[in-house]
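Asker: sequence? don't have it. structure:
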């Protein structure tokens, strides 16, 4: 397999983009990445699109052909493929694009992710998120996606003594980061009390423990490393990609306070690169709920089981801490347009690795980790990036 | 890239499978393929699932994790990925699996496709098919998926003098083939008059010009050729894979009686393999409507533009003719559970290449072609197979 570089990145603002349609969002992100990469459209050989549920959100399937069409790429009849794994859809698109280039199939590939969630009433949009979980054996019995995560949180509190305040502090930290990101949906700091006292969604989780419904798109341009310097002086290297699965329903697991798919995917990354978690000081992890970030940090190995809550309160996961987690604001504050999320993680890591993150820039980043989850840990896709 | 073999195939019966859920359909097909390949479940390293719209048909996204879970593959935490390109979803899954093995990423991969369409009323199921076309610029103005194909048919009749009887004869031929396939949804021959006089769907197309709504699943096991003989004495080789895109909306094309994506994809296959269309005597092509088969045969190059209708009437595309087209019965008679369709095409070609097609077995097949279409020619995925 060849080395693969990211040579361009693009992202729309995330939020309630009532003036933009799905296709406009996808193309805005894609064009930004293509301009950033300085590639000509005729150099682009393939397109991958991560999207969870355009079929349900906007009645439109076949969205990779749609984006290829409206971005002008269909003129050259390039292959355009949509991939889906609920919340991990965007990361899976990144992975497919990575192997497309790594295998030598194509030299330059665009990977995008997009979702348009706010054309529906909020309750309908939230219900669509349930389709990431097991409809037949979880949701039909009333377990919504937030309810499943509330159960995870309860169990984590019981098993490890994790406190409500520790869980809520994830939201406070991610809003603090999001306030420094001009593309974030919420660019406003919040207080711990705000999280604790906001409307209950599924106890113990309140509204501020949950990532919002969002519209948005993100895209990256990948290139064979051997050709990357033709286009950019600051290529970022994809050091490795890993993907793991687990049962769709939570009740089929031995434990619900740890996602084995994350542990497996992280082990694969370490094995393939020889890079240990102790060498990584930047990570975008899947904080669709506050509790999810704590579990991710423990499963990746940044902290021992039960220790991530305390570490968050101690500031170890904020910018300037032991490992800066979700400098973009994460799903919580940057926003979570589902199909775009995994791609936006890569956009943030590349921005940091290039030293272009402005007010939220880390002083020194060598290795950067992206961690994306579909469902309640049923699909995990991870990437490790570094300066080339 | 390495050579890739298909070492196992499986398919459910296609039809209205009211006793089987989506997951049962997927697993039944997958297990059949795995048993046929004689691989142990722990040898399987990745899963790709083609599915168009489980989100809308059964409210369930994230179906690759679902199938990995219920087939026991999630136990080993293997990567499980869903791909979607409307009618070409299954073929796209085949393509992703092919490159997964060809690139050396994994040695043994299972590719499945499934759809459960009959849990909804017929009209709702048919409306979901519209989401393969451009909802914003076609469907919103009342152009249903059958209506778009009716326009294609009208134009073909006008430009080439193609007759209504020639178009209808595709259905007669495919039902004749389907009658020989125990897995087909319709195993019954029909008369030309039946097609001409059945209920009009969108003039000139009647009910018998349209593929049905179907439930069903199909799966194949792929293996690096160098290891294939460990599992089977009759590996079938994937000689090449190609994929092309075109505008989503029909009205953006220079012509609607030819799909440029098919022409491009066929040129790629020829260029990569050196095998000419004249050497191919078996093809499964995308006959979601009768007119689609004629256009496919002309774009692939089996017949000159405007000649496929006459060739069909003359028997040149039936078993024993110049090229046997849709020996399975095609989408028309075998059935069209959308995500399964592209995989079922491969299942049929492998069955023929192995000499296991029973009453519909061709006497001599060297090269076999699969042609799958998403939307009105917006995505085309093609594969060329041969005996190893």
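Answerer: Yep, it's here. For clarity, every value in this text was computed on a predicted model and none was experimentally measured.

Asker: Skipping adjacent residues, who's closest to the closest residue to chain B within the stretch 251-388 of chain A in space?
Answerer: Residue nearest to chain B within the stretch 251-388 of chain A: residue A:378 (4.1 Å; Cβ to the nearest Cβ). All C-beta spots, glycine's among them, are computed from the backbone N, C-alpha and C. Spatial nearest neighbour of residue A:378, excluding adjacent residues (Cβ to Cβ, 6 or more residues apart in numbering or on different chains): residue B:65 at 4.1 Å.

Asker: mind listing the strands for the stretch 51-200 of chain A?
Answerer: Remark: strands assigned in the stretch 51-200 of chain A by DSSP state E, counting those that start in this stretch are A:80-84, A:108-116, A:200-202.

Asker: Which one of the ones you listed lies nearest to residue B:86?
Answerer: strand A:80-84 (9.4 Å; Cβ to Cβ).

Asker: Kindly state the pLDDT recorded for the closest residue to residue A:199 other than its chain neighbours?
Answerer: Spatially, and ignoring its direct neighbours in sequence, residue A:199 is nearest to residue A:207 (4.8 Å; Cβ to Cβ, 6+ apart). pLDDT, residue A:207: 98.

Asker: Residue A:207 and residue A:201 touch, don't they?
Answerer: Yes - with contact defined as Cβ atoms under 8 Å, residue A:207 counts as touching residue A:201 (5.8 Å).

Asker: When the two are compared, which one has more neighbours?
Answerer: residue A:201 (19 against 14; other Cβ atoms under 10 Å in any protein chain shown).

Asker: what's the weakest-modelled helix or strand in chain A?
Answerer: Across the helices and strands of chain A, the lowest-confidence element by mean pLDDT, DSSP states H and E is helix A:122-129, at a mean of 91.

Asker: OK, contacts around the residue nearest to residue A:194 when sequence neighbours are not counted?
Answerer: Once flanking residues are discounted, residue A:194 sits nearest to residue A:208: 6.0 Å by Cβ to Cβ, 6+ apart. By Cβ atoms under 8 Å, 6 or more residues apart in numbering or on different chains, the contact set of residue A:208 is A:168, A:171, A:190, A:194-195, A:198.

Asker: would you list every one of the helices in chain A?
Answerer: According to DSSP state H, chain A carries its helices in the segments A:22-37, A:54-57, A:63-70, A:89-102, A:122-129, A:145-160, A:164-178, A:192-197, A:225-228, A:260-273, A:290-300, A:308-313, A:330-333, A:338-353.

Asker: Single out the most deeply packed of these.
Answerer: Mean neighbours per residue, mean count of other Cβ atoms under 10 Å in any protein chain shown, is largest over these for helix A:330-333, with a mean of 32.

Asker: which other helices and strands contact that one?
Answerer: The elements that helix A:330-333 packs onto, with contact taken as 3 or more Cβ pairs under 8 Å, 6 or more residues apart in numbering or on different chains; DSSP states H and E, are helix A:164-178.

Asker: from the chain's centre, how far out does the helix it packs on sit?
Answerer: With Cα atoms, centre = their mean, to the nearest Å as the basis, helix A:164-178 stands 17 Å off its chain's centre.

Asker: Let me know the angle separating that helix from helix A:145-160.
Answerer: Here helix A:164-178 points in a direction 120 degrees away from that of helix A:145-160 (axes from the mean of the first three to the mean of the last three Cα atoms, to 10 degrees).

Asker: one step back: output the strands of the stretch 51-200 of chain A as JSON lines; include the columns distance to residue A:226 and mean pLDDT.
Answerer: Converted to JSON lines, the strands of the stretch 51-200 of chain A look like this (distance: least, Cβ to Cβ, whole Å; pLDDT from 0 to 100):
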{"stretch": "strand A:80-84", "distance to residue A:226": "24", "mean pLDDT": "98"}
{"stretch": "strand A:108-116", "distance to residue A:226": "12", "mean pLDDT": "98"}
{"stretch": "strand A:200-202", "distance to residue A:226": "49", "mean pLDDT": "97"}
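
Asker: could I get those strands as JSON lines with distance to residue B:297?
Answerer: Output for the strands of the stretch 51-200 of chain A, formatted as JSON lines (distance: least, Cβ to Cβ, whole Å):
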{"stretch": "strand A:80-84", "distance to residue B:297": "25"}
{"stretch": "strand A:108-116", "distance to residue B:297": "32"}
{"stretch": "strand A:200-202", "distance to residue B:297": "56"}
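
Asker: how about the ones you listed, which one is nearest chain B?
Answerer: Among the strands of the stretch 51-200 of chain A, the nearest to chain B by Cβ to the nearest Cβ is strand A:80-84 (4.5 Å).

Asker: Run me through the strand neighbours of that closest one, direction for each.
Answerer: Using DSSP bridges, the strands paired with strand A:80-84 are strand A:46-50 (parallel), strand B:80-84 (antiparallel).

Asker: how far is it from where the chain is centred?
Answerer: Taking Cα atoms, centre = their mean, the mean C-alpha location of strand A:80-84 is offset from the chain mean by 17 Å.

Asker: any idea of the angle it forms with helix B:89-102?
Answerer: 90 degrees.

Asker: Excluding sequence neighbours, find me the nearest residue to whichever residue of the stretch 51-200 of chain A sits closest to chain B.
Answerer: The nearest approach of the stretch 51-200 of chain A to chain B comes at residue A:103, 3.4 Å away (Cβ to the nearest Cβ). Closest residue in space to residue A:103, ignoring its immediate chain neighbours: residue B:103 at 3.4 Å, by Cβ to Cβ, 6+ apart.

Asker: Tell me how many other residues surround residue A:43.
Answerer: By other Cβ under 10 Å, 17 other residues sit near residue A:43.

Asker: Around the closest residue to it other than its chain neighbours, count how many other residues there are.
Answerer: Spatial nearest neighbour of residue A:43, excluding adjacent residues (Cβ to Cβ, 6+ apart): residue A:108 at 5.2 Å. Using other Cβ under 10 Å, residue A:108 has 23 neighbouring residues.

Asker: swap in residue A:1?
Answerer: 12.

Asker: which residues does it contact?
Answerer: A:99, A:102-103, B:103-105.

Asker: again, 7 Å this time
Answerer: The contact partners of residue A:1, by Cβ atoms under 7 Å, 6 or more residues apart in numbering or on different chains, come to A:102-103, B:103.

Asker: residues in contact with stretch A:359-369?
Answerer: A:177, A:180-181, A:275, A:279-283, A:319, A:324, A:327, A:349, A:352-353, A:355, A:382, A:384-386.

Asker: change it to 6 Å
Answerer: A:180, A:275, A:279-280, A:282-283, A:319, A:324, A:327, A:349, A:352-353, A:384-386 (Cβ atoms under 6 Å, 6 or more residues apart in numbering or on different chains).
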